[in-house]
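In: here is a sequence together with a model predicted from it:
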Amino acid sequence: MKNNRNVEFKERPKPAVGNNKHLRNIGYITECIIQKGGRASTSEIYDWINDNTRNGIGCRQLPQVLNKGPFVSFGLVKVKNSLSTSTYEVNLWGIKPPQ
């Protein structure tokens with residue numbers, strides 16, 4: 001079934017990552033989080049993927065993959081901006097434990 005417009009809203013499946021590019025990115029994100037010691041911020045994951053893969057990932061695509069993939073947010077972390085004295089907050093991500 002291509003779309004689920006005829007299915008009652010409450011009975012629709014949870015949004016999930018469904019194409020091969022996202023599945024490849026899930027593998028890259030998982031590898032990055034493991035290399036970083038089990039947790040990594042959004043900006044660390046973004047930089048790692050764009051430095052270590054051929055095609056990289058877009059800044060709008062990464063949060064979608066993180067939210068729909070097998071990852072869990074551990075809250076916000078303050079990051080200092082390298083160009084100025086300001087700071088901003090980014091999510092800290094980890095891999096969901098198997099259930």
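Out: Arrived safely, thanks for sending.
In: what residues of the lengthiest helix in the chain count as buried?
Out: Of all the segments of type helix in the chain, defined by DSSP state H, the longest one is helix 20-35. Buried residues in helix 20-35, defined by neighbour count with 16 or more other CB atoms under 10 Å: His22, Asn25, Ile26, Tyr28, Ile29, Cys32, Ile33. In this view, the C-beta of every residue, glycine as well, is placed from N, C-alpha and C.
In: helices or strands up against the strand or helix carrying Asn91?
Out: Using DSSP states H and E, the element containing Asn91 is strand 87-95. Identification of packing neighbours for strand 87-95 by 3 or more CB pairs under 8 Å, 6 or more residues apart in numbering; DSSP states H and E yields helix 20-35, strand 40-41, helix 42-52, strand 71-80.
In: what pairs with it, and is each one parallel or antiparallel?
Out: Under the criterion DSSP bridges, strand 87-95 sits next to strand 40-41 (antiparallel), strand 71-80 (antiparallel) in its sheet.
In: between the helices and strands packed on strand 87-95, which one is closest to Leu62.
Out: Relative to Leu62, the nearest member of the helices and strands packed on strand 87-95 by CB to CB is helix 42-52, separated by 5.5 Å.
In: which strands or helices does that closest one pack on?
Out: Looks like helix 42-52 contacts helix 20-35, helix 61-68, strand 87-95 (3+ CB pairs under 8 Å, 6+ apart).
In: out of the ones you listed, which comes closest to Asp51?
Out: Between the helices and strands packed on helix 42-52, helix 20-35 lies closest to Asp51; by CB to CB that is 9.9 Å.
In: distance from the chain centre to that closest one, please.
Out: From the chain centre to the centre of helix 20-35 is a distance of 9 Å (CA atoms, centre = their mean, to the nearest Å).
In: just stretch 33-41 next, same as before
Out: In this view, stretch 33-41 has its centroid 12 Å away from the chain centroid, taken as CA atoms, centre = their mean.
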